[in-house]
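Undergrad: Fold the following.
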Amino acid sequence: MSHWQHFRVWRGDSEKGELVDYPVEVNEGEVVLDIIHRLQQTEANDLAVRWNCKAGKCGSCSAEINGMPRLMCMTRMSTFAEDEVITVTPLRTFPVIRDLVTDVSFNYTKAREIPSFAPPPDLAPGEYRMQQVDVERSQEFRKCIECYLCQNTCHVVRDHEENKENFAGPRYLMRIAELDMHPLDTADRQEAAQEEHGLGYCNITKCCTEVCPEHIKITDNALIPLKERVVDRKYDPLIWLGNKIFKRSGA
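TA: Residues are numbered from 1 along each chain as shown. Reported below is the predicted structural model:
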């Protein structure tokens, strides 16, 4: 069974743009990405959209649907009323290239700023050993498909462009938390998280968790525990006293 639906799609580039209305046929079982493809085939042959797998695993087709950051391929048309106007716009946090395609290179820059896994220098590849509980502790974070919906919805950069230079965003703070949990990682992730990657900017509103298509508990399982470890280290009286003694002895 099919019906007609009113779509409103953002068309334009970095200079200017507008929402354009399209009546489009919708068939049973379709997702928003199907409708965008139909528009490309019929009324809007030059509509730019980024996509790849259409299975919710590549993270390419991120957009904002009725104001909510979502994957177009995982948003079923059956969740909308037939008389509802469906508005599809590009990710708001990142610069528009054209139509629904945005420049997400901010995220690649932040990824490069995080040093990779740093094992003990006396351990050779193949000699790494860790407990299963440590494997399971960060397994959830590896489900990330880098759709950047969490980066897009985080108000620290969504509403404050000036913070982008000093804030890594939830996706990459989660990466730091994962490395900090690794029993064989020797890098000082906690100080770096606070001093270099803007952990203190996060005020744990959980908006990143709410939009994650992989249902990763970014705030509860990554960001809050990392914050707690940073605070424990910074304000623990024994650590403070040890630092004071160490500084005096080195003077």
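Undergrad: all strands for the protein, in order.
TA: Counting by DSSP state E, the chain has these strands, from start to end: 2-12, 17-27, 62-65, 68-71, 85-89, 96-98, 101-102.
Undergrad: And the fourth one, how far out from the chain middle?
TA: For strand 68-71, the gap between its own C-alpha mean and the chain's C-alpha mean amounts to 11 Å (CA atoms, centre = their mean, to the nearest Å).
Undergrad: thought Ile239 was touching Arg233?
TA: Yes. Counting by CB atoms under 8 Å, Ile239 touches Arg233, with 6.0 Å between them. (C-beta placed from N, C-alpha, C; glycine too.)
Undergrad: Just the CA coordinates for stretch 63-74, please, in CSV.
TA: C-alpha atoms of stretch 63-74 as CSV (Å, rounded to 0.1, in the frame of the first residue of the first chain):
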residue,chain,number,x,y,z
ALA,A,63,20.8,14.2,8.7
GLU,A,64,18.3,16.1,10.8
ILE,A,65,14.8,14.8,10.4
ASN,A,66,12.1,17.1,11.8
GLY,A,67,14.9,18.6,13.9
MET,A,68,16.2,15.4,15.3
PRO,A,69,19.7,14.1,14.3
ARG,A,70,19.1,10.6,12.8
LEU,A,71,20.3,8.2,10.2
MET,A,72,18.0,8.4,7.2
CYS,A,73,18.4,4.7,6.5
MET,A,74,17.2,3.8,10.0
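Undergrad: Flag every buried residue along that stretch.
TA: Ala63, Glu64, Ile65, Pro69, Arg70, Leu71, Met72, Cys73, Met74 (16 or more other CB atoms under 10 Å).
Undergrad: So for Arg50, which of the strands of the chain sits nearest?
TA: Among the strands of the chain, the nearest to Arg50 by CB to CB is strand 101-102 (5.0 Å).
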